[in-house]
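Chemist: need coordinates for the following:
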Amino acid sequence: MKYISTIVAIGIIIALSVVGGAFFIVDETQQVIVTQFGKPVGKPITTPGLHMKVPFIQNTNFFDKRFLAWDGDPNQIPTKDKRFIWVDTYARWRIADSLLFFQRLRDERRAHSRLDDILDGETRNAIAKHLLIELVRSANPEEQGKPGTLTIKFGREKLEQEVLKAASSRVMDLGIEILDFRFKRINYVEEVRKEVYARMISERKRIAEEYRSEGAGESARISGEKDRELKTITSEAYRKTQEIRGKANSQAADIYATAYNKDPEFYQFTRTMESFTKIMDDNTTLVMSTDGDLLKYLEGVK
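Modeler: Just a heads-up that it's a prediction; the model follows:
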């Protein structure tokens, strides 16, 4: 009888434990806070597996350990230069301290509500302190310092980091860690859109004109170098031709002088014949006097 009573007692205890929820399972993606009469008991349970609690008295509160998404609502926000834009943002966050999170927020619904207030507020503050161009562009070191280029000190990435830093400091006492923040979409209201398109066209024209100016300057430089090299080559060629012509004339003069010294009369005769070949052709009629040099040579030949 005692053995049977023991078995029955054990069965009743097991049944009560099962009915009362004495056991609970923690998944790898979960962390649990055990509460007793609404107050946390012990440390957060983050180890996966089977765990126990006091039935009927204690309750379990499960929270996610994974990265969670926050998706903000699009808002119309003015920039520092009084341009109204639509801004849509998103962020990634996680529950870093589940006990503090439970004490301050209780659940993810309230956490999202607090994130809405904090992230939207910091987004407005950051955009209101900067110009529109700093929000829609990134700081480009290659264009900084060029004439006509607006210097961009921040850029979209730095504004995102500014919002992330300011918001992170405000959620530290909530058991939350904001991992990342981004501008998902930025759109212009109709009035601003026209101004932005006009500015984009103007900037593209300025860049095109800069490229054309650089091309014209490079073309002028190449043309100048070409003309200079051409003049150098022409001058050198003219110098060489003059040297060759001078040497040839000198050699010809030496030859003429040598020939003249050997036979002056023959030299004079050949020079006279050469002169006649230059001044006479097939249609030329020559009338010579009886005392001309040519007639004398012809008579001498006879």
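
Chemist: lowest average confidence, helix or strand, in the chain?
Modeler: Sorting the helices and strands of the chain by mean pLDDT, DSSP states H and E puts helix 2-20 at the bottom, at a mean of 61.

Chemist: count of residues packed around residue 64?
Modeler: Per other C-beta atoms under 10 Å, the neighbour tally for residue 64 reads 14. C-beta: built from backbone N, CA, C; applies to glycine.

Chemist: how about residue 233?
Modeler: For residue 233, using other C-beta under 10 Å, the count is 10.

Chemist: and the pLDDT at it?
Modeler: Residue 233 is assigned a predicted lDDT (pLDDT) of 91.

Chemist: hang on, residue 249 in a strand?
Modeler: No: going by DSSP: H, G, I helix; E, B strand; the rest coil, the assignment for residue 249 is helix, not a strand.

Chemist: and it, how many neighbours?
Modeler: Around residue 249 there are 10 residues (other C-beta under 10 Å).

Chemist: the one 10 residues further on too?
Modeler: With neighbours defined by other C-beta under 10 Å, the count for residue 259 comes to 14.

Chemist: what sits against the nearest residue to it once chain neighbours are set aside?
Modeler: Among residues not flanking residue 259 along the chain, residue 267 sits closest, at 5.1 Å (C-beta to C-beta, 6 or more residues apart in numbering). With contact taken as C-beta atoms under 8 Å, 6 or more residues apart in numbering, residue 267 is in contact with 256, 259-260.

Chemist: just the ones in helices from these, please.
Modeler: Judged by DSSP state H, those include 256, 259-260 as members of helices.

Chemist: just those now: which is nearest residue 49?
Modeler: Checking those against residue 49 with C-beta to C-beta, the nearest one is residue 256 at 123.9 Å.

Chemist: measure that closest one to residue 278 for me?
Modeler: 16 Å (C-beta to C-beta, to the nearest Å).

Chemist: neighbour count: the two, which is higher?
Modeler: residue 256 (13 against 7).

Chemist: quick check: chain neighbours aside, which residue is closest to the more buried one?
Modeler: The shortest distance from residue 256 to any non-neighbouring residue, by C-beta to C-beta, 6+ apart, is to residue 267 (7.4 Å).

Chemist: tell me where the model's unsure across the stretch 101-250 of the chain.
Modeler: For the stretch 101-250 of the chain, residues meeting the criterion pLDDT under 70 lie at 138-152, 192.

Chemist: which SS state does the closest residue to residue 280 other than its chain neighbours fall under?
Modeler: Spatial nearest neighbour of residue 280, chain neighbours left out: residue 286 (6.5 Å); criterion: C-beta to C-beta, 6+ apart. Per three-state DSSP, the local secondary structure of residue 286 is coil.

Chemist: neighbours of residue 286, how many?
Modeler: Counted with other C-beta under 10 Å, the neighbours of residue 286 add up to 9.

Chemist: hang on, isn't it packed against residue 279?
Modeler: No: taking contacts as C-beta atoms under 8 Å, residue 286 lies outside contact range of residue 279: 9.2 Å.
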